[in-house]
Structure formats: C-alpha cells, structure tokens
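Q: pasting the structure only:
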Ligand SMILES: Cc1cc2nc3c(=O)[nH]c(=O)nc-3n(C[C@H](O)[C@H](O)[C@H](O)COP(=O)(O)OP(=O)(O)OC[C@H]3O[C@@H](n4cnc5c(N)ncnc54)[C@H](O)[C@@H]3O)c2cc1C
C-alpha cells in the first residue's frame, strides 16, 4: 500500500495539524486495521500526535448513473458531485454547494443544511462488510453509525437540478466566516442553537492566541493565523463549561478532535 506525506496545516480546512504519513488505499485494498480514515479534513481538528491515518485514493473519486441510482465513490469531492448533478440535470444534491468535503465524510457526518441531509436520498453504502442498505444503519443529525470505511454509496435522484433551491441555500451562507474553520464547532442542541448559547456566555469573538469564536458566527471556531490545536481545544472546553454552568446544556462537538491516538468528540 502506498503512503503519502500530508501537511495537515495546509490540507485541513482549519489549517491546523502536523505533517504526517498517511496510507493511501487504492481500488482492491482495504483501510488497514486501527487506522483513522481522513476524507477532505473539513470537519477535523488534528493534534500533534494523531493515530495512524489513511485516505482513499483517486480511484474512489467517481460518479455514475445506473438507472435512477446515482453511485458515488467515497473520495469524490462535493464540488464534483454538484457539477455532475448540474451537468446531468439531477436534483437532490443542491445543498452541497459550499459544503466542503468528500462523499465519505458526508455520509459519516450525515452532513447537510437545514432539512437537506445526506441520508435523505441514501439507498445503500459499500463497506468492508459488503453492501449495507440504509434501513440497516442508524443515523441522525450529524451522525451515522457506520461499521467502518465507506467506499461508495448510492442515492435516489430525481430529474431536474433546482437552481432556486441551490441559490436559497447559498444565501444562508452569507454570515459564514471567511477565515479557516472546520464548519460548526458544536451540534445544535434540540430546539436551540449552539451559536446562540456561545454568544450568551460571552464567547462570540472571544480569542485565544490565533484561534477565536468568530465575530460573524459564534459557532465557528476560526483560525486567525498561526492558531494551534491546544488553543482550539481550550476554546472548545471553555464554551462547553460556560454553557453547561449557565444553561445546564452539555454541548456536543461536531468537529472531530484527534490526538494522542484518541478521538475526542
Ligand atoms: C466552511 C465550512 C462549512 C461547512 N458547512 C457545513 C454544513 O453546512 N453542513 C454540514 O453538515 N457540515 C458542514 N461543514 C463540515 C464538513 O463540510 C462536513 O462534515 C463534510 O461532510 C466533511 O467531509 P470530509 O470529507 O472533509 O470529512 P473529514 O473531515 O475528513 O472526516 C469527517 C468524518 O468522516 C469520516 N470519513 C471520511 N471519509 C470516510 C469514509 N470514506 N468512510 C467512512 N468514514 C469516513 C472521518 O473518519 C471522520 O469521522 C462545513 C465545513 C466547513 C469548513
């Protein structure tokens, strides 16, 4: 199996992480035991001592139509999925515009915008254990219980790319910070918004070293330049403890924090 050296301070969307050797899984190979599978690293905060890492190779970046099913390789970037849907006039993936990542990361996070979520149109996933139908998977808001790596997934598509929906969902991004981030730091608690709670405990715009909760949107932990893993973790912990003390709500991290071989989320 090939390896690749990845500088996660450049590769990850939050621009934090070490230079690490990553196993690259090609067609016919499987993710090695004990390895954490990285997609586009748009939802990851990687510390200086990550566990062994793997990525899917280019063979897994592909889209094809089979009847009414759209079959997408797990390494396919969201931009490519969107262009494929536009080109073939298919609806159902309008929400991935400005949602950075790969299909594998989208399935694992059940990524989405408002009611538009990855699992809505999912039919099955291809895994080490073979093909698993959606009905056999447990999933919810920003969560999917997968048995391990996903190599491809199939979706039910409808005819007609909805430009108006794509435009409306894009408009929701107007207040999104421009600085590097990993998207939302915390999941919204039922009936509330993590951003509102962070703001209510005085942390909107709060900065520690190179990291801050954004002035534009409090639930975005942004890297203002030279931010570190330790600063990011301390800010997440500060928000967790202040929100718990004031509201009795235990915030759940959406960003996956990886360090010292442990996954903290
Ligand atoms: C600016 C910005 C805006 C964002 N907006 C949104 C949004 O609106 N909605 C939203 O839901 N998210 C949003 N995100 C978060 C991110 O885009 C999604 O979580 C995306 O699905 C992550 O995909 P990825 O390939 O980068 O996954 P990674 O960050 O690399 O990994 C995320 C998880 O997926 C797992 N994973 C990756 N590939 C596979 C695979 N093949 N098989 C099994 N597991 C796998 C990883 O092990 C990890 O647990 C945003 C992020 C940024 C930076």
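A: Okay, I see it. All values derive from a computational prediction rather than experimental measurement.
Q: separation between the residue nearest to residue 208 when sequence neighbours are not counted and residue 222?
A: Using CB to CB, 6 or more residues apart in numbering and skipping residues adjacent in sequence, the residue nearest residue 208 is residue 231, 4.8 Å away. Heads up, the C-betas are built off the backbone N, CA and C, glycines and all. When CB to CB, to the nearest Å is the yardstick, residue 231 and residue 222 sit 11 Å from each other.
Q: and residue 232, by the same measure?
A: In this view, residue 232 and residue 222 are 10 Å apart by CB to CB.
Q: common neighbours of those two, please.
A: Contact criterion CB atoms under 8 Å, 6 or more residues apart in numbering; residues shared by residue 232 and residue 222: residue 211.
Q: between residue 231 and residue 222, which is the more surrounded one?
A: For residue 231 against residue 222, the residue with the higher neighbour count under other CB atoms under 10 Å is residue 222, and the figures read 25 against 19.
Q: surely the more buried one meets residue 179?
A: Yes - using CB atoms under 8 Å as the test, residue 222 is close enough to residue 179 to be in contact (4.0 Å).
Q: mutual contacts of residue 231 and residue 222, please.
A: The contact sets of residue 231 and residue 222 overlap at residue 211 (CB under 8 Å, 6+ apart).
Q: thinking again about what came up before, what sits against the residue nearest to residue 208?
A: By CB under 8 Å, 6+ apart, the neighbours of residue 231 are 208-211.
Q: now residue 220
A: Taking CB under 8 Å, 6+ apart, we find residue 220 in contact with 176-177, 181, 183-185, 213-214.
Q: mind picking the lowest-pLDDT entry from those?
A: Note: of the contacts of residue 220, the lowest pLDDT belongs to residue 176, at 92.
Q: what is the neighbour count of that residue?
A: Look at residue 176: counted by other CB under 10 Å, it has 13 neighbours.
Q: picking up where we left off before, show me which of the contacts of residue 231 is closest to residue 150.
A: residue 211 (30.8 Å; CB to CB).
Q: distance of that closest one relative to residue 46?
A: From residue 211 across to residue 46, the span is 14 Å (CB to CB).
Q: related to what we said a few turns ago, quick one: common contacting residues for residue 222 and residue 179?
A: Each of residue 214 lies in contact with both residue 222 and residue 179 under the rule CB under 8 Å, 6+ apart.
Q: sorry, back to before: now the residue nearest to residue 208: phi and psi?
A: Taking degrees, to the nearest 10, you get phi -60, psi -40 for the backbone angles of residue 231.
Q: before we move on, back to that, ok, the contacts of residue 231 vs the ligand, which is closest?
A: Proximity of the contacts of residue 231 to the ligand, judged by CB to the nearest ligand atom, is greatest for residue 211, which lies at 14.4 Å.
Q: burial count for that closest one?
A: When neighbours are defined as other CB under 10 Å, residue 211 has 27 of them.
Q: so it makes contact with residue 226?
A: No - proximity of residue 211 to residue 226 does not meet the contact threshold set by CB under 8 Å, at 9.2 Å.
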